[in-house]
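Chemist: Sequence first, then the predicted structure, then my questions.
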Protein chains: 2
Amino acid sequence: MTFQPTLNRPIAGTPGIPMYLVGAAQDARSIYHDGSEIYGEGEPAGSLYMVEFGCVRIGRFTREGRRQVCGFSYAGDIFGWESESEHRFFAEAVGYSGIRVLRPSRDAEACAKLFPLVIQNLTRFQEHLLVLGKTIVDERLAAFLCDLADRQGGVSQVELPMTRSDIADYLGVSFETVSRILRRFRDQGFVHVPDIHSIEILDRPGLEAVCRR
Amino acid sequence: MTFQPTLNRPIAGTPGIPMYLVGAAQDARSIYHDGSEIYGEGEPAGSLYMVEFGCVRIGRFTREGRRQVCGFSYAGDIFGWESESEHRFFAEAVGYSGIRVLRPSRDAEACAKLFPLVIQNLTRFQEHLLVLGKTIVDERLAAFLCDLADRQGGVSQVELPMTRSDIADYLGVSFETVSRILRRFRDQGFVHVPDIHSIEILDRPGLEAVCRR
DNA sequence: GAGTGGACTTGATCGAGGTCAAGGTGGGGC
DNA sequence: GCCCCACCTTGACCTCGATCAAGTCCACTC
């Protein structure tokens, strides 16, 4: 069964709401500041959310207080899919972000429209699984950077809205290690780091050689 | 948006095909022996597959020949979702397995029926992500065993159709480590290992205490 | 029965990366 | 301007788990 995702996803600017969701009942756009919660673990689920601008991290806290980030959503992405009646993850804004709440109807027509989006989401999680399966942490970070570049349209100048800690919790490593490997990538000429929240990829083939191992 | 999965998934026996897929065009059940390929990476995608009995591993090989398993499907599970026109993963039988090929129509009605199944799949991947995010490997294996027990109906006697290597590639560790931790769990009284392909969980709360960290 | 091959276990070694600790940097508030 | 705090970097140390290497245990064949 093949589904072609149809939604374009610019990283910057305000993407339009996909045409097939325009008819859905929707709340106004909400603005969230860095770190503020969009929904929390255990809260009732029921809506979908679309990032208009900014970035969102989705994750969970373990009993011991360790945070695990299972995904980032960027402008154009839709998140909030749940199979239970309450959220099993939290969603928080990363930086200043605009989120639109969608309440698509639950009829067959709407499901068909949403189908490619869920499949795309599924694919993304599968890819992330493969990244986390890698034992060498360099490979994980390289894969993260390549993915980020791709999702921002294949540009070499990549925005990093999240902190080193966010990246660390996403890749299952310590934030010190993220910092060290980034440093190594710089020394190896793979990337240039003009400031803390942006990365210029100088040697994409080199990075891919690292993550394709 | 909330979707309740409706499919029951017994681990043993031959589950019926969900009623809403009965109308779909379908091939006869195929029998696969241990290790044989159901589909390969790069092959054209287009069907869904349902495990009738046995087990299936889904994964990918890295360029360096390292295998990464991103999921196991058991009796009742449906796999084969792809967003591209060709498979990005391989699927292989784990032990003697029966697989039914489904070719559900692609109309809105079918999408609506399949929706809860994809969401359930999505949820499973998210949970697996959290497991792989754990730095201590004991926690990963404990989580794997608890999940396995749950998917087999919450019984304490768990079937392990896959090899230690399969588990290792699923958890992102070496197979020696799987063996060693299993040994440790035995010594700690968490499990009893009557034979290589089954595990009896003696102390479920204990195991959960390990994986909930 | 003996021989064979694949999966598993166990031991020994070593390095990647976690943890702890000590600066460095930069933005916001006063 | 100054302080403060959050985030980041870098260093030192040590543990966990990968890797290499035997050795064991079956299931299967002849």
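Modeler: Noted; the coordinates are in hand. Numbering: from 1, shown residues only, chains lettered A, B, ... in the order given.

Chemist: Every contact and neighbour count from this point should use C-alpha atoms.
Modeler: Fine.

Chemist: what about A:Ile199, distance to chain B?
Modeler: Here A:Ile199 is placed at a distance of 24 Å from chain B (Cα to the nearest Cα, to the nearest Å).

Chemist: so what does the helix or strand that contains that residue touch, helix or strand wise?
Modeler: Using DSSP states H and E, A:Ile199 sits in strand A:198-201. Taking 3 or more Cα pairs under 8 Å, 6 or more residues apart in numbering or on different chains; DSSP states H and E as the contact definition, the neighbouring helices and strands of strand A:198-201 are strand A:157-159, strand A:191-195.

Chemist: now with 10 Å?
Modeler: With contacts taken as 3 or more Cα pairs under 10 Å, 6 or more residues apart in numbering or on different chains; DSSP states H and E, strand A:198-201 sits against helix A:137-151, strand A:157-159, helix A:175-187, strand A:191-195.

Chemist: Relative to DNA strand D, which of the ones you listed is closest?
Modeler: Taking Cα to the nearest atom of the strand as the measure, the helices and strands packed on strand A:198-201 were each checked against DNA strand D, and helix A:175-187 came out nearest at 3.7 Å.

Chemist: Is there proximity between that closest one and chain B?
Modeler: No: taking Cα under 10 Å from any Cα of the partner chain as the criterion, helix A:175-187 and chain B are apart, separated by no less than 12.8 Å.

Chemist: got the angle for that helix vs strand A:191-195?
Modeler: Orientation check (axes from the mean of the first three to the mean of the last three Cα atoms, to 10 degrees): helix A:175-187 against strand A:191-195 gives 120 degrees.

Chemist: which of the residues in helix A:175-187 are buried?
Modeler: Across helix A:175-187, burial judged by 16 or more other Cα atoms under 10 Å in any protein chain shown covers A:175, A:177-178, A:181-182, A:185-186.

Chemist: follow-up on the earlier one: now render the helices and strands packed on strand A:198-201 as TSV, adding mean pLDDT.
Modeler: TSV is the format used below for the helices and strands packed on strand A:198-201 (pLDDT from 0 to 100):
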stretch	mean pLDDT
helix A:137-151	95
strand A:157-159	92
helix A:175-187	96
strand A:191-195	94
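
Chemist: Out of these, the one nearest B:Gly54 is which?
Modeler: Put simply, out of the helices and strands packed on strand A:198-201 the one that sits nearest B:Gly54 is helix A:137-151, at 32.5 Å, with distance taken as Cα to Cα.

Chemist: Wondering if that closest one reaches DNA strand D at all.
Modeler: No: applying Cα under 7 Å from any atom of the strand, one finds that helix A:137-151 is not in contact with DNA strand D, the shortest distance being 10.7 Å.

Chemist: Which positions within that helix qualify as buried?
Modeler: Under 16+ other Cα under 10 Å, the buried positions of helix A:137-151 are A:137-149, A:151.

Chemist: Which member of those is positioned nearest A:Asp77?
Modeler: When the buried residues of helix A:137-151 are compared for distance to A:Asp77 (Cα to Cα), A:Arg151 comes out closest, at 10.2 Å.

Chemist: What's the separation between the closest residue to DNA strand D within chain A and A:Tyr39?
Modeler: Among residues of chain A, the one nearest DNA strand D by Cα to the nearest atom of the strand turns out to be A:Thr163. It sits 3.3 Å away. Using Cα to Cα, to the nearest Å, we find A:Thr163 at a distance of 20 Å from A:Tyr39.

Chemist: So for those two, which sits in the more crowded spot?
Modeler: Neighbours were tallied for A:Thr163 and for A:Tyr39 using other Cα atoms under 10 Å in any protein chain shown; the higher tally belongs to A:Tyr39 (17 against 14).

Chemist: B:Cys111 is nearest to which of the helices and strands packed on strand A:198-201?
Modeler: Proximity to B:Cys111, assessed across the helices and strands packed on strand A:198-201 by Cα to Cα, is greatest for helix A:137-151 (26.5 Å).

Chemist: what's the angle from that closest one to strand A:191-195?
Modeler: Using the same axes, to 10 degrees, one finds that helix A:137-151 and strand A:191-195 are set 70 degrees apart in direction.

Chemist: Export helix A:137-151 to CSV, keeping only CA atoms.
Modeler: Extracted in CSV, the C-alpha atoms of helix A:137-151 (Å, rounded to 0.1, in the frame of the first residue of the first chain):
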residue,chain,number,x,y,z
VAL,A,137,27.1,8.2,18.8
ASP,A,138,28.9,10.0,15.9
GLU,A,139,26.6,8.2,13.5
ARG,A,140,23.5,9.3,15.4
LEU,A,141,24.5,12.9,15.5
ALA,A,142,25.5,12.9,11.8
ALA,A,143,22.1,11.3,10.9
PHE,A,144,20.3,13.9,13.0
LEU,A,145,22.0,16.8,11.2
CYS,A,146,21.4,15.2,7.7
ASP,A,147,17.7,14.7,8.6
LEU,A,148,17.4,18.3,9.9
ALA,A,149,19.0,19.6,6.7
ASP,A,150,16.6,17.6,4.6
ARG,A,151,13.6,18.7,6.5
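
Chemist: and that helix, what other elements does it pack with?
Modeler: By 3+ Cα pairs under 10 Å, 6+ apart, helix A:137-151 packs against strand A:67-74, helix A:108-133, strand A:157-159, helix A:164-171, helix A:175-187, strand A:198-201, helix A:204-211.

Chemist: quick one: is the longest one near chain B?
Modeler: Yes: contact of helix A:108-133 with chain B is found when judged by Cα under 10 Å from any Cα, involving A:108-133.

Chemist: Now that we have these, which of them are buried?
Modeler: Buried subset of the residues of helix A:108-133 next to chain B (neighbour count, 16+ other Cα under 10 Å): A:108, A:110-123, A:125-133.

Chemist: pLDDT value on A:Gly76, please?
Modeler: According to the per-residue confidence, A:Gly76 scores 92 in pLDDT.

Chemist: That one is in contact with A:Phe53, isn't it?
Modeler: Yes: with contact defined as Cα atoms under 10 Å, A:Gly76 counts as touching A:Phe53 (7.8 Å).

Chemist: which residues sit in contact with A:Tyr39?
Modeler: Taking Cα atoms under 10 Å, 6 or more residues apart in numbering or on different chains as the contact definition, A:Tyr39 lies against A:45, A:58, A:80, A:87, A:89-93.

Chemist: Name the residue closest to the centre of chain A, please.
Modeler: Using Cα atoms, centre = their mean, the residue of chain A that lies closest to the mean C-alpha position is A:Phe72, 2.0 Å off.

Chemist: give me the element the nearest residue to that one once chain neighbours are set aside is part of.
Modeler: The spatial neighbour of A:Phe72 that comes closest, neighbours along the chain excluded (Cα to Cα, 6 or more residues apart in numbering or on different chains), is A:Arg57 at 4.6 Å. Secondary structure assignment for A:Arg57, by DSSP H and E: strand A:48-61.
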